[in-house]
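Asks: I would like to see how this sequence folds:
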Amino acid sequence: MKISGWIFIIIGAVVAITAYFIPHLRFFFYVGSAIAAYGLAKVIFNFIFKEDRTQQNSMNYEQLAAKELQESRCRRCKNIVRRFDNFCSYCGMRLR
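Replies: Numbers count the residues shown, from 1 in each chain. Model prediction:
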C-alpha cells in the first residue's frame, strides 16, 4: 500500500504545529517538519515523473490483455488454467 505524499505533509504539519506550542516537545517539532518535508519531496517527485508512469501503465494493460487471451480460470477452484488445458492442474476438473 502506497501512502500519498499529501498524507505525510498533513501529519507532519499537525505534529510540528502541535509540538511548537508545547515547550517540552521541541524534538517533535523537528520530527514533524522532517515528515512534512519528506511528503513535499514525494509530491514533487511524483509530479515530475507522472508522465513516465502513465506510459508504463498503458504497456501493462496491453500485457494483461494478451495474458487474458492465453489464460482463464477453473470453474471449481478458480485456479488459473491455460486455454489449451483439458484438465485443471489443481483440482483435476475436466475443462472440455
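
Asks: surely Arg26 meets Val15?
Replies: No - counting by Cβ atoms under 8 Å, Arg26 stays clear of Val15, with 12.0 Å between them. C-beta coordinates here come from the backbone N, C-alpha and C atoms, glycine included.

Asks: Compare those two (neighbour count), which wins?
Replies: More crowded of Arg26 and Val15, by other Cβ atoms under 10 Å: Val15, with 20 against 11.

Asks: Mind exporting the C-alpha coordinates of the lengthiest helix in the chain to CSV?
Replies: Ordering each helix of the chain by length in residues (DSSP state H) puts helix 26-48 first. C-alpha atoms of helix 26-48 as CSV (Å, rounded to 0.1, in the frame of the first residue of the first chain):
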residue,chain,number,x,y,z
ARG,A,26,10.6,20.7,20.6
PHE,A,27,12.1,17.5,19.3
PHE,A,28,8.8,16.5,17.8
PHE,A,29,8.7,19.9,16.1
TYR,A,30,11.7,18.8,14.1
VAL,A,31,10.4,15.3,13.5
GLY,A,32,7.1,16.7,12.2
SER,A,33,9.0,19.2,10.0
ALA,A,34,11.0,16.3,8.6
ILE,A,35,7.9,14.2,7.9
ALA,A,36,6.3,17.2,6.1
ALA,A,37,9.4,17.8,4.1
TYR,A,38,9.5,14.1,3.1
GLY,A,39,5.9,14.4,1.9
LEU,A,40,6.6,17.5,0.0
ALA,A,41,9.5,15.9,-1.8
LYS,A,42,7.4,12.8,-2.6
VAL,A,43,4.6,15.0,-4.1
ILE,A,44,7.2,16.9,-6.2
PHE,A,45,8.9,13.7,-7.3
ASN,A,46,5.5,12.2,-8.3
PHE,A,47,4.6,15.3,-10.2
ILE,A,48,7.8,15.3,-12.2
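
Asks: Appreciated, that's everything.
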